[in-house]
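Novice: sequence-free structure coming up:
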């Protein structure tokens, strides 16, 4: 009652200004809550707990996997990353964490394959060999850290039941030189529109970049496509329209709705037999502004990620990308 009376006595313009100030303060307070949780739990300040180390090991070993799936695998690829991986594995072991962990074993497999690929070449492998010799599973055969499939195998699996479709969708970093039909991309976007969104507000937006010159300029900013970016035929930039959201409680909803849309789009591209690779947009303000200016992205559209698309070659190499056991993801309450 007192608050309403107080507001009623204010001029209308002052009422609006006061409400906006209060809304802004709420947004700042809630955003500070997000920042505090991120800083305390993420690797902003590394504390070498098992989850953080496992994430570092997985990310580094994935770089090795990707190196083997590039159109042309170069000698000594990812050398700096291999050094980081070795240090992370050694810290993991010194902490006494389980060496039977799925991600740890996958990383060791990737190191073994890296070692075998460079054996006999003019590459210093002494540190890798020393680590592998100390590994409990040294000498045991391991599966390859990458897979080989044909175009027909991928397309056939994409048209099966959803489980088969999903389990056979991989990030593709090998494309042939034929152009992708823009109408197929539009159909894939139409399918992705069935993704759920908050109150059916459908915030997702897709910028399709067609020309080689623009794609190259954008990928230079993205900087996560080394070794295959020049083979991407079409580049999709996934964004979310912030204008459809309201209040401090919906401050993260764009990423949720946009993320679901992006995954549906990846499945749709797979369904149409196209190769696609999700590309992150983990950048600074400077890079975000640079991209916006490069292709005139609306200010209200927040950039979420990119998807490189191309037609499949007859034979393709794929990262195995070993998943954790599904029960490790489930918490019963």
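Specialist: Sure thing, it's come through. Worth saying up front: this structure is predicted, and the values here are computed from it rather than measured. Residues are numbered from 1 along each chain as shown.

Novice: Go ahead and list the helix or strand containing residue 81.
Specialist: For residue 81, the enclosing helix or strand under DSSP states H and E is helix 79-94.

Novice: Going by neighbour count, list what's buried in that helix.
Specialist: 81, 82, 85, 86, 88, 89, 92, 93 (16 or more other Cβ atoms under 10 Å). The C-beta positions use only the backbone N, C-alpha and C, and glycine is treated the same way.

Novice: wait, which of those residues is closest to residue 116?
Specialist: In terms of Cβ to Cβ, no member of the buried residues of helix 79-94 lies closer to residue 116 than residue 82, at 13.5 Å.

Novice: Next up, the contacts around that closest one.
Specialist: 60, 64, 111, 114, 128 (Cβ atoms under 8 Å, 6 or more residues apart in numbering).

Novice: Could you measure from it over to residue 118?
Specialist: 10 Å (Cβ to Cβ, to the nearest Å).

Novice: again, but for residue 94
Specialist: Distance of residue 94 to residue 118, computed by Cβ to Cβ: 26 Å.

Novice: Kindly report the same for residue 202.
Specialist: 50 Å.

Novice: before we move on, back to that, let's have the contacts of residue 82 in CSV, adding neighbour count, distance to residue 233 and pLDDT.
Specialist: Output for these, formatted as CSV (neighbours: other Cβ atoms under 10 Å; distance: Cβ to Cβ, whole Å; pLDDT from 0 to 100):
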residue, neighbour count, distance to residue 233, pLDDT
60, 23, 29, 94
64, 23, 26, 94
111, 24, 33, 93
114, 26, 30, 93
128, 19, 36, 93
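
Novice: now this protein, which segments are flagged as low pLDDT?
Specialist: 1-10, 45-47, 136-142 (pLDDT under 70).

Novice: what domains does the record give for it?
Specialist: 50-144, 147-318 (automatic domain parsing).

Novice: After the longest helix along the chain, which helix or strand is next?
Specialist: The longest helix of the chain (DSSP state H) is helix 12-41. Sequence-wise, the next helix or strand downstream of helix 12-41 (DSSP H and E) is helix 50-69.

Novice: Give me the packing partners of the host helix or strand of residue 117, helices and strands only.
Specialist: Element membership of residue 117 [criterion: DSSP H and E] is helix 102-118. Other helices and strands packing on helix 102-118, by 3 or more Cβ pairs under 8 Å, 6 or more residues apart in numbering; DSSP states H and E, are helix 50-69, helix 79-94, helix 126-134.

Novice: What residues sit buried inside that helix?
Specialist: In helix 102-118, the ones that count as buried by 16+ other Cβ under 10 Å are 103-115, 117-118.

Novice: can you list the helices and strands packed on helix 102-118 in a markdown table and add distance to residue 293?
Specialist: What follows is the helices and strands packed on helix 102-118, written out as a markdown table (distance: least, Cβ to Cβ, whole Å):
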| stretch | distance to residue 293 |
| --- | --- |
| helix 50-69 | 30 |
| helix 79-94 | 31 |
| helix 126-134 | 44 |
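
Novice: right, and the ones you listed - which one's nearest residue 180?
Specialist: For residue 180, the closest of those is helix 50-69, at 19.9 Å, according to Cβ to Cβ.

Novice: Name the residues that touch that closest one?
Specialist: 43, 46, 73-74, 77-78, 81-82, 84-85, 88-89, 91-92, 95, 97, 101, 103-104, 106-107, 110-111, 113-114, 117, 145-146, 173-174, 227, 317-321.

Novice: Tell me how many other residues crowd residue 58.
Specialist: 19 (other Cβ atoms under 10 Å).

Novice: Oh, that last question was meant for residue 69, not what I typed.
Specialist: Residues near residue 69, counting by other Cβ under 10 Å, number 23.

Novice: before we move on, what about residue 212?
Specialist: Residue 212, neighbours per other Cβ under 10 Å, totals 11.

Novice: Kindly report the same for the one 5 residues further on.
Specialist: Summarising burial for residue 217: neighbours were counted as other Cβ under 10 Å, giving 15.

Novice: ok, back up a step: with distance to residue 248 added, can I get the buried residues of helix 79-94 in JSON lines?
Specialist: Formatted as JSON lines, the buried residues of helix 79-94 follow (distance: Cβ to Cβ, whole Å):
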{"residue": "81", "distance to residue 248": "39"}
{"residue": "82", "distance to residue 248": "44"}
{"residue": "85", "distance to residue 248": "40"}
{"residue": "86", "distance to residue 248": "44"}
{"residue": "88", "distance to residue 248": "38"}
{"residue": "89", "distance to residue 248": "42"}
{"residue": "92", "distance to residue 248": "39"}
{"residue": "93", "distance to residue 248": "44"}
